[in-house]
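Asks: Provided below for reference: sequence and predicted model.
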Amino acid sequence: MQYLLNFLMLLILMFLTNYFILNDILNINEYLKKRFKLKKNFKATKKLKIITSIINSFILSTVISLVIYLNINLFFKFIISFIILLILIYLLYGLLGKYLQRKKL
């Protein structure tokens with residue numbers, strides 16, 4: 001129960017940080033346009049900003065929580081966290097891109 005509570009607190013903290021500070025710095029919309037061949041006039045809406053903030057915070061919270069609670073060598077923690085990070089980015093942004101393609105944005 002303590003692990004879940006820590007994960008949720010980290011998730012909320014990461015979401016607030018990402019939504020209010022980092023989302024304007026990170027140019028995820030350009031990545032989505034190029035990767036999934038969206039329309040040239042594709043603009044980020046408030047809903048998309050919230051969705052990308054949720055995705056980013058979930059990815060970072062998951063990786064941080066797993067690394068903190070694994071009791072293995074530091075080198076293996078780095079390797080595992082990097083692999084999990086890449087897999088989550090690829091999967092979650094792939095799902096978001098497919099969703100945006102279906103919506104014909």
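Replies: Structure received. Owing to the predicted nature of the structure, the values given are computational and were not obtained by experimental measurement. Numbers count the residues shown, from 1 in each chain.
Asks: if you count neighbours, what's buried in the lengthiest helix in the chain?
Replies: Identified as the longest helix of the chain according to DSSP state H is helix 74-102. For helix 74-102, the neighbour count (16 or more other Cβ atoms under 10 Å) marks 81, 85, 88, 92-93, 96-97, 100 as buried. Just so you know, the C-beta spots here come from the backbone N, C-alpha and C atoms, and that holds for glycine as well.
Asks: in CSV: those residues, plus pLDDT and distance to K49.
Replies: Listed next are the buried residues of helix 74-102 as CSV, based on pLDDT from 0 to 100; distance: Cβ to Cβ, whole Å:
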residue, pLDDT, distance to K49
S81, 93, 26
L85, 95, 22
L88, 96, 19
L92, 94, 15
Y93, 89, 14
L96, 89, 12
G97, 86, 16
L100, 83, 13
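Asks: which residue lies farthest from the center of this structure?
Replies: N73 (25.7 Å; Cα atoms, centre = their mean).
Asks: what's in contact with stretch 67-77?
Replies: 3, 80-81 (Cβ atoms under 8 Å, 6 or more residues apart in numbering).
Asks: distance between the ends of it?
Replies: Terminal residues of stretch 67-77 are spaced 6 Å apart (Cα to Cα, to the nearest Å).
Asks: tell me which residues touch the closest residue to K98 other than its chain neighbours, please.
Replies: Nearest residue to K98, sequence neighbours excluded (Cβ to Cβ, 6 or more residues apart in numbering): F36, at 7.5 Å. With contact set as Cβ under 8 Å, 6+ apart, F36 has these partners: 97-98, 100-101.
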